[in-house]
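Q: just the structure for this:
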Amino acid sequence: MAADARAVHQAQGAWVRGNLDPMRMLAVHDVGFVSWGTDQRLVDIVGLKTPGSIAVHARLTGQQGLDAMPQALDEILRGAEACAMLVLDDWNDKVHFASGLEARGWTVQRLSGTDMPVYVAFRVTPPEGPLPGCID
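A: Residues are numbered from 1 along each chain as shown. This next block holds a predicted model:
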């Protein structure tokens with residue numbers, strides 16, 4: 001692994017460990033390192049480590065393309081009771097993870113700053129309020 005990639009992953013792990021409750025579900029787009037480097041509960045929104053996400057994408061984005069991503073995310077996050085979402089910043093710009101959820105009425109609050117390069121973390125709350133696993 002290149003030194004700069006290692007540093008990015010170490011910063012990602014440190015941020016997750018320092019800022020998120022490990023008992024609360026985190027939806028992750030790039031699940032690799034965070035699944036190994038933290039004790040965080042995770043749902044993989046792509047499906048590599050969460051097969052249920054594959055079925056949602058087969059039914060939605062597989063049939064309708066990326067225009068269906070907001071609906072797919074809505075279903076995956078609700079099903080997992082995800083409280084936060086961690087995605088690659090450039091993929092968020094391309095695929096519109098955060099703005100797609102906002103268009104469906106979700107509240108999406110950026111949590112991370114420059115302390116976690118390459119990735120961005122958001123608190124995610126559906127229109128009706130926090131999911132059961134996200135209530136204090």
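Q: in the longest helix anywhere in the chain, what's buried?
A: Criterion DSSP state H: the longest helix present in the chain is helix 3-19. Neighbour-count burial for helix 3-19 flags 8, 9, 11, 12, 13, 15, 16 (criterion: 16 or more other CB atoms under 10 Å). Heads up, the C-betas are built off the backbone N, CA and C, glycines and all.
Q: beyond it, next helix or strand please.
A: Next helix or strand after helix 3-19 toward the C-terminus (DSSP states H and E): strand 25-28.
Q: now do that following strand: distance to the chain's middle.
A: 5 Å (CA atoms, centre = their mean, to the nearest Å).
Q: so what touches it?
A: Strand 25-28 has contacts (CB atoms under 8 Å, 6 or more residues apart in numbering) with 16, 20, 34-35, 40-45, 73, 76-77, 80-87, 124, 133-134.
Q: picking up where we left off before, now render the buried residues of helix 3-19 as CSV, adding distance to residue 93.
A: Listed next are the buried residues of helix 3-19 as CSV, based on distance: CB to CB, whole Å:
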residue, distance to residue 93
8, 17
9, 20
11, 19
12, 18
13, 23
15, 19
16, 21
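Q: want to throw those into CSV with pLDDT?
A: Listed next are these as CSV, based on pLDDT from 0 to 100:
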residue, pLDDT
8, 81
9, 81
11, 84
12, 85
13, 85
15, 88
16, 88
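Q: closest one of those residues to residue 56?
A: Among the buried residues of helix 3-19, residue 16 lies closest to residue 56 (CB to CB), at 23.7 Å.
Q: can you pull the contacts of the closest one?
A: 26, 34, 37, 38, 40, 86, 121.
Q: wait, is residue 42 part of a strand?
A: Yes - Residue 42 forms part of a strand when assessed by DSSP: H, G, I helix; E, B strand; the rest coil.
Q: any idea how far it lies from residue 82?
A: 9 Å (CB to CB, to the nearest Å).
Q: mind checking which helix or strand residue 79 is in?
A: Residue-wise, residue 79 maps onto helix 69-80 under DSSP H and E.
Q: what's that helix packed up against?
A: strand 25-28, strand 41-44, helix 51-59, strand 82-88, helix 97-103 (3 or more CB pairs under 8 Å, 6 or more residues apart in numbering; DSSP states H and E).
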